[in-house]
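Asker: Compute the structure for the input listed below.
(one chain, ligands or ions: 1)
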Amino acid sequence: MKHLLSTRDLTLDKALTLLDTAEEFQAVANRQVPKLPTLRGVTMVNLFFEDSTRTRLSFEAAAQRLSADIMTFQVQGSSVSKGESLKDTAQTLEAMGADIIVIRHPAAGAATTLAHSGWVHSSIINAGDGAHEHPTQALLDAMTLRQRFHQEPRGALLTGLSVVIVGDIVHSRVARSNVFLLTTLGASVTLVAPPALMPQGVEDWPVAHTHSLDEAIDSGPDAVMMLRVQRERMGDGALISQKDYVRNYSLTAGRAARLPKSSVVMHPGPMNRGVEIASSVADSERSVILDQVRNGVSVRMAALYELRGGEA
Ligand code: NCD
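Answerer: Have a look, this model is predicted:
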C-alpha cells in the first residue's frame, strides 16, 4: 500500500489488515513496550493547512512509538503565507528527507493531487481534505466499534451492526469516510441531518437517511455518532438557528435514555458540548469518545507501518 487517501477505495481485505495491525500494536503497547524500532530511519511530516488537535498529535504519537523521525509544518509563519504552492512546499519537505507526508488541507482532493501529481515520491496519508474524506478517523471509529461489540476484535466484521451518524453530514469528511468503511465492513448506516445539511445525491450512497433524529433513536441503533456543526465550512445562509438545531438534532440526556442499554455514543471531536451533544451524555458510561482518541494512535501506527511495506 503506497498511500492512504480514502476509505471509498479501501478493499475489505486492506481494511481488515489495517484494523488487525492496529490491534497488534495496541496489544504490544499494553504489554509495556510502548516504543518499537519498526520505523527507525523513516521520516514522517505533518503538513497541516488546517487546525487540528487529535489528528496531528496522534500521528506524532504513532510515529514516535514506531521510532520514526517527525517534522511538523506550521502553516502560520511559513512561506505558504507568502504564496508558496502546495507543490513547492511538498517538494521542499521531501528534499529535507520526508518519506511519509500526512496532509490536512481545506481543499477536497488535495491529498490525492499530491499522491498522483508526480511532484513527490513520498507516501501520502490524507488527514482530512475539505469535506471529502478522513480515512484514519473512520478506521479508528471502526476499531472502536469492533472492540466494543466483539470479544475478539481481530478479524471481526461489523455485520449486523446499525450505526446512526447525526449532524452536519454535508460538510463532514468524517461522515463520508465512515459511510464507505463501515458499510464495507458490513454495518448498516443511517444518516440524520436537517435538509440543509444532508448532501445532495445521498440516495446514491449505500445508506439510509432521515431528517428525524427521534425516529433514528427509536430504531434502537447500536451506535450513535454525533458530528460537530462546521460553521467554518458554511457559506452565508446555510445556517439554521442554534436553538432549532439543538431542539431537533442534539443528543440530549432524554434522547440518550431511549437508546438500548448496550448502545454506544461516539464523537470524532472537537465537541460543542450543549450543542450537538449534552455534556452529561458525552461523559456518560455509554460514551466511547476517549476510546476513539486512544485507538487513533494505534490506527495511525498501523497506517504508517503498512505504507512502509508492512515489513517486520
Ligand atoms: C474532524 C475533522 O477535522 O475532520 N475532527 C477530527 O479529525 N477528529 C471533525 C471536525 O472538525 O468536526
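
Asker: any idea how far residue 198 is from residue 218?
Answerer: Applying CB to CB, to the nearest Å, the value for residue 198 to residue 218 is 19 Å. (Each C-beta comes from the backbone N, C-alpha and C, glycine too.)

Asker: Which of the two has more residues huddled nearby?
Answerer: When residue 198 and residue 218 are compared for neighbours, residue 198 comes out ahead with 17 against 12, by other CB atoms under 10 Å.

Asker: quick one: contacts for that one?
Answerer: By CB atoms under 8 Å, 6 or more residues apart in numbering, the contact list for residue 198 reads 169-170, 191, 209, 211.

Asker: Same check on residue 61?
Answerer: Contacts of residue 61 by CB under 8 Å, 6+ apart are 297, 300.

Asker: That one should be in a helix, yeah?
Answerer: Yes: counting by DSSP: H, G, I helix; E, B strand; the rest coil, residue 61 is part of a helix.

Asker: Now do it against the ligand, distance only.
Answerer: From residue 61 across to the ligand, the span is 14 Å (CB to the nearest ligand atom, to the nearest Å).

Asker: Residue numbers of this structure in contact with the ligand?
Answerer: Applying CB under 6 Å from any ligand atom, we find that the chain lies next to the ligand at 54-55, 128, 134, 137, 173-174, 228, 230, 268-269.

Asker: Let me have those in JSON lines, adding neighbour count, distance to residue 105 and secondary structure as columns.
Answerer: JSON lines is the format used below for the residues of the chain next to the ligand (neighbours: other CB atoms under 10 Å; distance: CB to CB, whole Å; DSSP: H, G, I helix; E, B strand; the rest coil):
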{"residue": "54", "neighbour count": "16", "distance to residue 105": "17", "secondary structure": "helix"}
{"residue": "55", "neighbour count": "24", "distance to residue 105": "12", "secondary structure": "helix"}
{"residue": "128", "neighbour count": "27", "distance to residue 105": "8", "secondary structure": "strand"}
{"residue": "134", "neighbour count": "27", "distance to residue 105": "11", "secondary structure": "coil"}
{"residue": "137", "neighbour count": "26", "distance to residue 105": "15", "secondary structure": "helix"}
{"residue": "173", "neighbour count": "25", "distance to residue 105": "11", "secondary structure": "helix"}
{"residue": "174", "neighbour count": "27", "distance to residue 105": "15", "secondary structure": "helix"}
{"residue": "228", "neighbour count": "19", "distance to residue 105": "19", "secondary structure": "coil"}
{"residue": "230", "neighbour count": "16", "distance to residue 105": "15", "secondary structure": "coil"}
{"residue": "268", "neighbour count": "26", "distance to residue 105": "18", "secondary structure": "coil"}
{"residue": "269", "neighbour count": "18", "distance to residue 105": "19", "secondary structure": "coil"}
